[in-house]
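Participant: fold the following for me, if possible:
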Amino acid sequence: CKYIWILNNDTYVYPDTLDELINSDKKTNTDTIWGSKVLNNDKTIQSLGCRLNKIFMNTKHNYNRNVDSDGIFILNKLDYIHGCSIFFKKKIIYTVGLFDEDYFLYYEDVDFSQNAIKYNIKLNIAQKSRIVHKEAKTIHKSNYEYLSVTNRIKLSKKYFPKQIILTYLGIYYELAKCLIAFKFNKFYNIAINLYR
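Facilitator: This next block holds a predicted model:
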């Protein structure tokens, strides 16, 4: 195969979704990892690529909850491609490597994208390629949400080791929020996994 498309199983794909990814890649001369425009069930935008706070290692989706349109959105910053739809030429694997199996559920897409940036591989969104992502329904039931917090430490140690203290401070803040909101199960899961 020429291309690899990593797609979540909780997504709805439009008939032209893949064609638009291929068309976008054919129009560029640079090695690029592409994402789709990710929509919520109500057709608002879930993400147009994502940003990483390189101090606390928390993440934010571009244009989250904005109303979708056929126009082209301006993307000022892309730190990683949302993991529910990642598309690239197969040869990129030989440069970047595979997804890091030390992550489970969260931050493997951030890690893959950050690793690609190290090798001067571009990140971009094929904005005419659309998917609908039914986000996190299984995750909430399985109590794995805490991994979105603890996996920050793995990312910080790997790419931003000088900020590790600030990353821990951000996580302590998350722990405090859990206590205030009476989310004792999440607090417990974060706390026991914090120093593994």
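Participant: hmm, who's touching stretch 2-21?
Facilitator: Contact partners of stretch 2-21, identified using C-beta atoms under 8 Å, 6 or more residues apart in numbering, comprise 22, 25, 34, 36, 83-90, 92-93, 126, 128-135, 137-138. For every residue, glycine as well, the C-beta is placed using N, CA and C.
Participant: let's see 6 Å
Facilitator: Stretch 2-21 is contacted by residues 34, 84-87, 89-90, 126, 128-134 when judged by C-beta atoms under 6 Å, 6 or more residues apart in numbering.
Participant: just the buried ones out of these, please.
Facilitator: In terms of neighbour count (16 or more other C-beta atoms under 10 Å), the buried residues within the contacts of stretch 2-21 are 34, 84-87, 89, 126, 128-133.
Participant: in TSV: those residues, plus pLDDT.
Facilitator: Conversion of the buried ones among the contacts of stretch 2-21 to TSV gives the following (pLDDT from 0 to 100):
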residue	pLDDT
34	98
84	94
85	97
86	98
87	98
89	98
126	98
128	97
129	98
130	97
131	97
132	97
133	95
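Participant: dump those residues to CSV, plus secondary structure and distance to residue 179.
Facilitator: Below are the buried ones among the contacts of stretch 2-21 laid out as CSV (DSSP: H, G, I helix; E, B strand; the rest coil; distance: C-beta to C-beta, whole Å):
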residue, secondary structure, distance to residue 179
34, strand, 41
84, coil, 31
85, strand, 36
86, strand, 35
87, strand, 41
89, strand, 47
126, strand, 42
128, strand, 45
129, strand, 42
130, strand, 39
131, strand, 36
132, strand, 35
133, strand, 30
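Participant: for the helix or strand residue 112 falls within, the averaged confidence score.
Facilitator: If you go by DSSP states H and E, residue 112 is part of helix 108-118. Helix 108-118 carries an average pLDDT of 96.
Participant: please export the C-alpha coordinates of that helix as CSV.
Facilitator: Presented in CSV, the C-alpha positions along helix 108-118 are these (Å, rounded to 0.1, in the frame of the first residue of the first chain):
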residue,chain,number,x,y,z
GLU,A,108,-0.2,8.3,21.6
ASP,A,109,-1.3,10.7,18.8
VAL,A,110,0.5,13.6,20.5
ASP,A,111,3.6,11.5,20.8
PHE,A,112,3.5,10.3,17.2
SER,A,113,3.0,13.9,15.9
GLN,A,114,5.7,15.3,18.1
ASN,A,115,8.1,12.7,16.9
ALA,A,116,7.2,13.5,13.3
ILE,A,117,7.9,17.2,13.9
LYS,A,118,11.4,16.2,15.0
